[in-house]
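1. A predicted structure for the sequence below; I have some questions about it.
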Amino acid sequence: MRDNQAIADALFPWVSSDIRSLRGRYPARPEWQVVSRIAPSPTGLFHLGGLLAAFVPYMYAHQEDGVFFFRIEDTDQERKVEWGVDFLIAGLHDFGLDPDEGRIAEGVDRGDYGPYQQSERLEFYRMMARYLIEQGRAYPCWLTTEELDEMREWQMLAKQPPGVYGEFAPWRDASTEEVLAKIASGEDCVIRLRAPYTHGERKTYPDLIRGDVTTQAPFVDTVLLKSDGFPTYHLAHLVDDWLMGTTHIIRADEWLASVPLHITLFEQAGLIPPYYAHIAPLLKSEDGKKRKLSKRKDPEADVRDLLARGYAPGGILSYLMTILDPNYEAWQNEHPESDVRDFHIDLEGLNNSGALVDEEKMRQVNREYLARLSRDELYDEAFAWASNHDADLFTLLEKGGDYIRDALNIERHTEKDPKRYVLYTDIYDQIAFFDDGIWGQRMVDVVWPEEFDRDFVATLLADYADRYDPSMDVEQWFDDLKEFGQGYGFAVNNAQFKEGWYIGKVGNLAMLLRLALTGTAQTPDLWSMMQIMGEERVKERLRKGNKG
Ligand code: GLU
């Protein structure tokens, strides 16, 4: 019989194996409470898949009145970047996905289950490693890199599955004396799981999104603790999600293959595994084929880039939900006032095969998102965006007040709402002329139609300035404009124009007003613009506009 206690004592003389009292350091969570989390690595990347891996557990935890927490997985010291933690915290905040618990600033935690950063929890992983060794569920292994390479080569030639297991795991059942002697020699070792299954044994693992998955049960003695004392992701997941009371592991699909190992780890530690749910991968269509969206290669995968290009955080979330949950779009149309976060996701009903990312659709969803916002919401969001990405828009919006807000809101939520903003980058050009200073600059270069004499136009505009009455509704106003036009030789319609007496049509007249008021030919509806500009400004621009 192997003396696991003696081995554990020799390996971890200063480490306790009392994992129950470790658990006892933390308050029990209510039985019914759903606890989910996002556990990213601070690599300085923020990609759509990562956002989705925060969004879905956030949604699920909140709809179940649960807790969504944020843990930093920084055990891979090589991939870590200095500012990675603050970057992630800010990223979640930009999307309104602030966690209820977890790391909230570099070195600062909120919540009772910390520390929420793995590099500060090394003691806990060692306790679990020691505990598993004592139970005979894990063991120290001194296989060198060369030995492992040689073994893998041999396994390949012999068409055996690769890895350390069974006969390829010499330290698994080495005698107590042999192990103690090796420990005494001071050589570095790793701690491996003593896998409880053999090759060929299949088991079924439940997944809340995928349904049951039947697959090979773990038979490889996976490394749990590395020789530098850092845990592998698998051990850290077991320890952290157990101690933090996670009930639902909702994460990226790349972890689906690890579920058998993770559930086995919980079982080997005598603990109840959490529920698992794996979110479908984001795909891209290329040359008629689908492939996984690449966080490094595809620009549309980079969340920072999407934001810089004028997508709204709410638009991006709305888009992600559109490709993930087939019921979302209809729900959002029925509840235009509601935020995507109010939608109720059904894990079982989520897309489970792969969600195709298509920028045209993303633009369309962003447009719908911007169209749903109230005047002041749009103003606040555009202002926040401009403060990071667009100095001209920032200067324009900074003046604030109802005038610029109404300008921004022109024709929105009306019957003929043109939903003219697809991205935040569309705003500036469409409304800049409302600003008197910018209008003045634009009038210098305005291109007037050549067929009308400039003096004639100046007289006409000044005359119309005297006549303009902002109290008229759009129909009265247009009838009045036609009447006014008649006096200057503008026909009211095509039929009249064909009579041959006229110098133009009412449309040409409207264009002259438009140019004088805005300095550009492409504008929103004339009557609506004049309503927003107000009587005085309209009259002043009409009188001054033609002078250039
Ligand atoms: N650190 C892992 C990742 O960034 C987290 C996996 C998990 O959520 O369990 O993908």
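-> Structure's in. What do you need? Residues are numbered from 1 along each chain as shown.

2. any chance you could map the strands in the stretch 151-300 of the chain?
-> For the stretch 151-300 of the chain, applying DSSP state E, counting those that start in this stretch gives strands covering 190-193, 202-205, 213-216, 223-225, 248-252, 275-279, 282-286, 289-292.

3. With the stretch 401-548 of the chain instead?
-> 490-491, 504-505.

4. Just send these back as JSON lines, with distance to the ligand and mean neighbour count too.
-> (Each C-beta comes from the backbone N, C-alpha and C, glycine too.) Output for the strands of the stretch 401-548 of the chain, formatted as JSON lines (distance: least, C-beta to the nearest ligand atom, whole Å; neighbours: other C-beta atoms under 10 Å):
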{"stretch": "strand 490-491", "distance to the ligand": "66", "mean neighbour count": "23"}
{"stretch": "strand 504-505", "distance to the ligand": "63", "mean neighbour count": "18"}
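
5. Tabulate those strands (JSON lines), appending mean pLDDT and distance to G534.
-> Compiled in JSON lines, the strands of the stretch 401-548 of the chain are given as follows (pLDDT from 0 to 100; distance: least, C-beta to C-beta, whole Å):
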{"stretch": "strand 490-491", "mean pLDDT": "96", "distance to G534": "25"}
{"stretch": "strand 504-505", "mean pLDDT": "96", "distance to G534": "28"}
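
6. Count the neighbours of whatever residue of the stretch 201-350 of the chain ends up closest to the ligand for me.
-> Scanning the stretch 201-350 of the chain for proximity to the ligand using C-beta to the nearest ligand atom identifies R251 as nearest, at 3.5 Å. Burial of R251 is recorded as 23 neighbouring residues (other C-beta atoms under 10 Å).

7. Now it: closest residue in space, sequence neighbours ignored.
-> Residue nearest to R251 in three dimensions, not counting chain neighbours: A53, with 5.6 Å by C-beta to C-beta, 6 or more residues apart in numbering.

8. H248 bridge partners, please.
-> S36, Y275 (DSSP bridges).

9. And it, what's its pLDDT?
-> Here, the pLDDT recorded for H248 equals 98.

10. ditto for K547
-> 60.

11. quick one: low-confidence parts of the stretch 151-300 of the chain?
-> For the stretch 151-300 of the chain, no stretch is flagged by pLDDT under 70.

12. Go again with 90.
-> Residues of the stretch 151-300 of the chain that meet the criterion pLDDT under 90 lie in 285-288, 294-300.

13. who in it is up against the ligand?
-> H237, I249, R251, A252, W255 (C-beta under 6 Å from any ligand atom).

14. For the last one, which non-adjacent residue is spatially closest?
-> Yep, that's W255 we're talking about. H278 (6.4 Å).

15. my guess is that neighbour meets I209, correct?
-> Yes - using C-beta atoms under 8 Å, H278 is in contact with I209, at 5.8 Å.

16. Would you mind telling me which of these two has the busier surroundings?
-> The neighbour comparison of H278 against I209 (other C-beta under 10 Å) goes to H278, with 24 against 21.

17. need the helices for the stretch 401-548 of the chain, in chain order.
-> 401-408, 427-431, 436-444, 454-467, 474-488, 494-498, 506-518, 526-533, 535-545 (DSSP state H, counting those that start in this stretch).

18. For Q160, find the nearest of the ones you listed.
-> Nearest to Q160, of all the helices of the stretch 401-548 of the chain, is helix 427-431, at 62.7 Å by C-beta to C-beta.

19. list the helices and strands that closest one packs on?
-> helix 391-398, helix 401-408 (3 or more C-beta pairs under 8 Å, 6 or more residues apart in numbering; DSSP states H and E).

20. Give me the helices and strands touching the first one, please.
-> Same thing as helix 391-398. helix 375-389, helix 401-408, helix 427-431.

21. Mean neighbour count, these: which tops it?
-> helix 427-431 (a mean of 20; mean count of other C-beta atoms under 10 Å).

22. Run through who's touching that one.
-> With C-beta atoms under 8 Å, 6 or more residues apart in numbering as the test, helix 427-431 has contacts from A382, D390, D392, L393, L396, I404, A407, L408, I410, R420, Y421, P524.

23. The fourth one contacts A386, doesn't it?
-> So that's L393. Yes - using C-beta under 8 Å, L393 is in contact with A386, at 3.9 Å.

24. quick one: the residue lying closest to I404 once chain neighbours are set aside from the ligand, how far?
-> Spatial nearest neighbour of I404, excluding adjacent residues (C-beta to C-beta, 6+ apart): L397 at 6.2 Å. In this view, L397 and the ligand are 37 Å apart by C-beta to the nearest ligand atom, to the nearest Å.

25. Tell me how many other residues crowd L397.
-> 26.

26. let's number from 539 now, not from 1
-> All set: I'll call the first residue 539, so the last point we hit is now L935.

27. got the contact list for stretch 612-625?
-> Residues contacting stretch 612-625 (C-beta under 8 Å, 6+ apart): 579-582, 584, 610, 641, 643-644, 655-657, 768-771, 774.

28. Now, the residues you listed that are in strands?
-> Assigned to strands by DSSP state E, the following of the contacts of stretch 612-625 qualify: R641, A643.

29. So among the contacts of stretch 612-625, which ones count as buried?
-> 579-581, 584, 610, 641, 655-656, 768-771, 774 (16 or more other C-beta atoms under 10 Å).

30. give me every residue that touches Y907.
-> When contacts are counted by C-beta under 8 Å, 6+ apart, Y907 is found next to A850, G852, G853, S856.

31. For my notes, confirm the third one occurs in a helix.
-> Put plainly, it is G853. Yes - membership of G853 in a helix is supported by DSSP: H, G, I helix; E, B strand; the rest coil.

32. can you tell me how far the residue sitting furthest away from the middle of the chain sits from E988?
-> No residue in the chain sits farther from the centre than W1039, which is 61.7 Å out by C-alpha atoms, centre = their mean. Distance, W1039 to E988, using C-beta to C-beta, to the nearest Å: 21 Å.

33. Count the neighbours of E838 for me.
-> E838 is flanked by 18 other residues according to other C-beta under 10 Å.

34. Could you double-check that it lies in contact with L844?
-> Yes - applying C-beta under 8 Å, one finds E838 in contact with L844, separated by 6.8 Å.

35. what sits in contact with each of the two?
-> In contact with both E838 and L844: L586, M900, using C-beta under 8 Å, 6+ apart.

36. To the ligand, which of the helices of the stretch 939-1086 of the chain lies closest?
-> helix 965-969 (35.0 Å).

37. Surely F881 is in contact with L862?
-> No - F881 lies out of contact with L862 (C-beta under 8 Å); the separation is 10.5 Å.

38. check which helix or strand covers the closest residue to I671 other than its chain neighbours.
-> Distances taken as C-beta to C-beta, 6+ apart place A546 nearest to I671, at 4.4 Å, with adjacent residues excluded. A546 belongs to helix 542-549 when assigned by DSSP states H and E.

39. Give the other helices and strands that that helix contacts.
-> Using 3+ C-beta pairs under 8 Å, 6+ apart, helix 542-549 is in contact with helix 660-672, strand 676-679, helix 714-723.

40. right, and these - which one's nearest G808?
-> So among those, helix 660-672 is nearest, using C-beta to C-beta, at 9.1 Å.

41. Buried residues of that closest one, list them for me.
-> Using 16+ other C-beta under 10 Å as the test for burial, helix 660-672 gives L660, F662, Y663, R664, M665, M666, A667, R668, Y669, L670, I671, E672.

42. by contact count, what packs against that helix?
-> helix 542-549, helix 557-562, strand 676-679, strand 728-731, strand 761-763, helix 771-781.

43. And the contacts of the longest one?
-> Read that as helix 771-781. By C-beta under 8 Å, 6+ apart, helix 771-781 touches 560-561, 564, 575, 577, 609, 611, 613, 651, 656, 659, 662-663, 666-667, 760, 762-763, 769, 784, 787, 796, 799-800, 803-804, 807, 809, 812.

44. Now restrict those residues to buried residues only.
-> Buried among those (16+ other C-beta under 10 Å): 560, 575, 577, 609, 611, 613, 651, 656, 659, 662-663, 666-667, 760, 762-763, 769, 784, 787, 796, 799-800, 803-804, 807, 812.
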